[in-house]
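Student: Need coordinates for the following:
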Amino acid sequence: MSRLLLVVVREEPGRYTYFKHTYSSDTVEVIIDRRMSERRRGESPVGLDRRQASRRRRDLSPDLQAFGWALVRH
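Tutor: The predicted structure is shown next:
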């Protein structure tokens with residue numbers, strides 16, 4: 001069974017609380033977006049990246065900026 005992850009921007013704790021009380025269930029998990037920025041910065045050389053693909057499946061930033069939250073199948 002797939003689960004849903006409801007991600008709320010950290011700047012809106014009231015919305016997070018509302019969503020947590022309203023939508024949290026066995027199939028829906030409500031979390032606060034904890035991302036700060038990309039970890040790799042600067043021009044320093046990096047070793048061979050063994051990952052085949054990015055761990056982030058889709059960029060949530062447009063939804064988070066437009067609506068203050070994003071819904072992801074988890």
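Student: List the residues that contact T27.
Tutor: 1-4 (CB atoms under 8 Å, 6 or more residues apart in numbering). All C-beta atoms are positioned from the backbone trio N, CA, C, and that covers glycine.
Student: L5 - that's part of a strand, no?
Tutor: Yes - according to DSSP: H, G, I helix; E, B strand; the rest coil, L5 belongs to a strand.
Student: right, and it touches R58 too?
Tutor: No - assessed by CB atoms under 8 Å, L5 is found out of contact with R58, at 12.0 Å.
Student: more crowded one of the two?
Tutor: Neighbour count, other CB atoms under 10 Å: between L5 and R58, L5 has more, with 14 against 10.
Student: Show the contacting residues for E29.
Tutor: 3-6, 74.
Student: Now name the helix or strand holding it.
Tutor: Using DSSP states H and E, E29 sits in strand 28-32.
Student: thinking again about what came up before, and for L5 and R58, which residues touch both?
Tutor: By CB under 8 Å, 6+ apart, the residues touching both L5 and R58 are V72.
Student: Could I get the full set of strands for the protein?
Tutor: 4-8, 28-32, 69-73 (DSSP state E).
Student: Walk me through which strands the last one pairs with, and which way each runs.
Tutor: Strand 69-73 pairs in its sheet with strand 4-8 (antiparallel), by DSSP bridges.
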